[in-house]
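Enquirer: Give me coordinates for this.
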Amino acid sequence: MKKSIIYILLAAVLMGSTFPIQKIGLANTNPLIYVTLRFLIATIISFFIFKRGKFFYSFILGLVLSIGYISQIIGIKYTTATKAGFITSQYIILIPLFSYLIDKEKINKYQGLGFLFSIIGSYLLSGGINGFNLGDFLMILCAISFALHIVLITKFSKKINEKDLLTFQFLTVTIISFFTMLFFKIDFKISMFSFLTILYSAIIGSIIVIFLQLKYQKKIGSNLTAILFLVQPIFSAFLSFFILKEQITLNQFAGSVILLFSILISNF
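Expert: Numbering: from 1, shown residues only. Take a look at the predicted model:
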C-alpha cells in the first residue's frame, strides 16, 4: 500500500513537471502539433519496449484521453489560463462519482474531507473563475475526460497487464490528434527546442506516468489516486516559479498548503 502511494505521488510529480516544460515548448509550435508528436513518440517507444499490447481496452483509454487533451487545447483559446486551470482541476470531484458508477468504489470519511478541501485549495491556487464561455464548457469536458480516464485505468488494469494498455492507447491519441490538426488546417512547423520538450513530455509525462498509474492505481483505488494527484498542480506551480519566474501569490501559497492538507487527511 505504502509503495503504491509513493509511486502514484511520483507519477503526479512527474506529470506536474511537464506543464512548465510544455509551456516553453508551445511558444514555438501549435498545441495540436505538440500533442500529435508527443503521443506519436510515446507510441513508437512503447511499441519497442512493451510491444503491441491489447487493442480494445487501450483504444477506450486512448479515446477518452484524446477528448481530454483536445478539448483542453481548443478550450484554452477561449478562456483564461487561470479559469482553465481551476475548471480542469475539478476532475478531482468527478472521480468519486465515476468510481462508484463504474467500479463500485466508495469514499471513506477522510477521503470525503480531502475532496472538500481540494476544491477550496484548487480555487485559491488557480484564482477561481468569473463568467462562463465556450472555453469553460470545453474545460468541463476536459475535466470529465480526465476523471473518467483515471477511473478506467483502475478498472482495466485489474483485468489486463499494464504493459498491454500503453501502445494502442497512445496510438489512438496520435491518430485523433492528427486528424483534428488536419481539420483545423494547421501548418506544420516546429523548432528543435520545442521537439526536445515534446520528447520529455512523451517519455516522462506519457509513458512513465501512465505506466505507473496502470501498475499501482489498482492497488489503492481511484479515489485515493485522485487525492494524491493534487501534488501535480502544487509541484507545477512551484516549478513554474523557479523555471519561468512566475510569481506565486499569498492565496496560491495558501491553496497549496490546503491541497497538501487534503492529501494528508485522505491518507489516514
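Enquirer: Residue 202 touches residue 45, doesn't it?
Expert: Yes. Contact between residue 202 and residue 45 holds when scored by C-beta atoms under 8 Å: they sit 7.1 Å apart. In short, each C-beta sits where N, CA and C put it, glycine included.
Enquirer: who's more crowded, the two?
Expert: Under the criterion of other C-beta atoms under 10 Å, the comparison of residue 202 against residue 45 puts residue 202 first, with 23 against 18.
Enquirer: separation between the residue nearest to that one when sequence neighbours are not counted and residue 241?
Expert: Residue nearest to residue 202 in three dimensions, not counting chain neighbours: residue 41, with 3.9 Å by C-beta to C-beta, 6 or more residues apart in numbering. Taken as C-beta to C-beta, to the nearest Å, the spacing of residue 41 relative to residue 241 amounts to 28 Å.
Enquirer: the more surrounded of those two?
Expert: Shown here are residue 41 and residue 241; by other C-beta under 10 Å, residue 41 has more neighbours (20 against 14).
Enquirer: check which helix or strand covers that one.
Expert: Per DSSP states H and E, residue 41 falls inside helix 31-50.
Enquirer: I'd like the next helix or strand past the least confident helix or strand in the chain by mean pLDDT.
Expert: The element with the least model confidence among the helices and strands of the chain, by mean pLDDT, DSSP states H and E, is helix 81-89, at a mean of 65. As assigned by DSSP H and E, the chain's next helix or strand after helix 81-89 is helix 91-103.
Enquirer: and the residue lying closest to residue 73 once chain neighbours are set aside, how many neighbours?
Expert: Closest residue to residue 73 in three dimensions, ignoring its sequence neighbours and counting by C-beta to C-beta, 6+ apart: residue 31, at 4.2 Å. Using other C-beta under 10 Å, the number of residues around residue 31 comes to 20.
Enquirer: can you check residue 145 too?
Expert: Neighbours of residue 145 under the rule other C-beta under 10 Å: 23.
Enquirer: Number the chain from 407, please
Expert: Will do, 407 is the new start, and the previous item becomes residue 551.
Enquirer: pLDDT wise, what is it at?
Expert: pLDDT for residue 551: 94.
Enquirer: list the buried ones in the one helix or strand it maps to?
Expert: Taking DSSP H and E as the definition, one finds residue 551 inside helix 540-563. In terms of neighbour count (16 or more other C-beta atoms under 10 Å), helix 540-563 has its buried residues at 541-542, 544-563.
Enquirer: Many thanks, have a good one.
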